[in-house]
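Peer 1: please work out how this folds:
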Amino acid sequence: SGPTEFRGGRGRGVFAGGLTPSVSKTMDKVEIATTGNAVDFGDMSTANNPNGGTGMCSSTRGVYNLGSTPSIVSTIDYVIISSDGGASDFGELTVAKRETNRLSNATRGLIFGGRPIDTLTPETDVIEFITIASTGDGTDFGDMLQAARGMGGVGNATRGLIASGYNGSSYINTIEFVTIATTGNAQDFGNLSAAKMNTAAVGSGTRAVFGGGYTSN
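Peer 2: Residues are numbered from 1 along each chain as shown. Sure, this is the predicted structure:
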């Protein structure tokens, strides 16, 4: 019972932003159980190239941080997945950065790594967290094992995995893990089969899969 936005948006996928080749603010939606072309969902708060990575979601709400617009920004947006109409403001990251990635357990979302705009060191090791059902700025969670950008991330109800990336001088094959409900630094999980960045990640409650990636300058 209650409004649709509180009963969940299960079954729908939403895609936001990108390059066309100009920076786009368009959001599309699909009904995952059917086949067919995407239709308009609305617009992001501003035209944005997220520079890789994915959003975070619960059963009702999707959250993502912007990348470059074309300047690098700290904005976080959210959408109500079951509705149309585009994005609303959620808050801000601690610093503006691009090439971050994200994972969630449907309650808490983590935003990690990236390339800040205001430091001499291109990459950062910072992990921030937000509570998906609320609004507000990113809060410090801990640090990754090394500063990097272009990682892949996936989470289940308990644990989040962060893999691959570029540390400013080389591609990396490290897999790290965090316990999402707590705060603290990432710990070593193992290694991918090859060093690369911009991997795609999917998972279930028991298994995570990392695919693709970039291995050349």
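Peer 1: could you measure from residue 101 over to residue 56?
Peer 2: 10 Å (Cβ to Cβ, to the nearest Å). (Each C-beta comes from the backbone N, C-alpha and C, glycine too.)
Peer 1: do the same with residue 47
Peer 2: From residue 47 to residue 56 the distance is 21 Å (Cβ to Cβ).
Peer 1: more neighbours: which of these two?
Peer 2: Set side by side, residue 47 and residue 56 show more neighbours around residue 56, with 25 against 19, by other Cβ atoms under 10 Å.
Peer 1: that one is in contact with residue 103, isn't it?
Peer 2: Yes - between residue 56 and residue 103 there is a contact at 6.9 Å, judged by Cβ atoms under 8 Å.
Peer 1: which neighbours do those two share?
Peer 2: 109, 110 (Cβ atoms under 8 Å, 6 or more residues apart in numbering).
Peer 1: what's the neighbour count on residue 60?
Peer 2: 21.
Peer 1: mind listing the residues bridging to residue 171?
Peer 2: residue 166 (DSSP bridges).
Peer 1: how close does it get to residue 210?
Peer 2: Using Cβ to Cβ, residue 171 is found at 13 Å from residue 210.
Peer 1: name the residues contacting each of these two.
Peer 2: When Cβ under 8 Å, 6+ apart defines a contact, the residues bordering residue 171 and residue 210 alike are residue 164.
Peer 1: can you tell me who residue 149 pairs with across the strands?
Peer 2: Where residue 149 sits in a bridge, its partners, by DSSP bridges, are residue 166.
Peer 1: can you confirm residue 47 is in a strand?
Peer 2: Yes - counting by DSSP: H, G, I helix; E, B strand; the rest coil, residue 47 is part of a strand.
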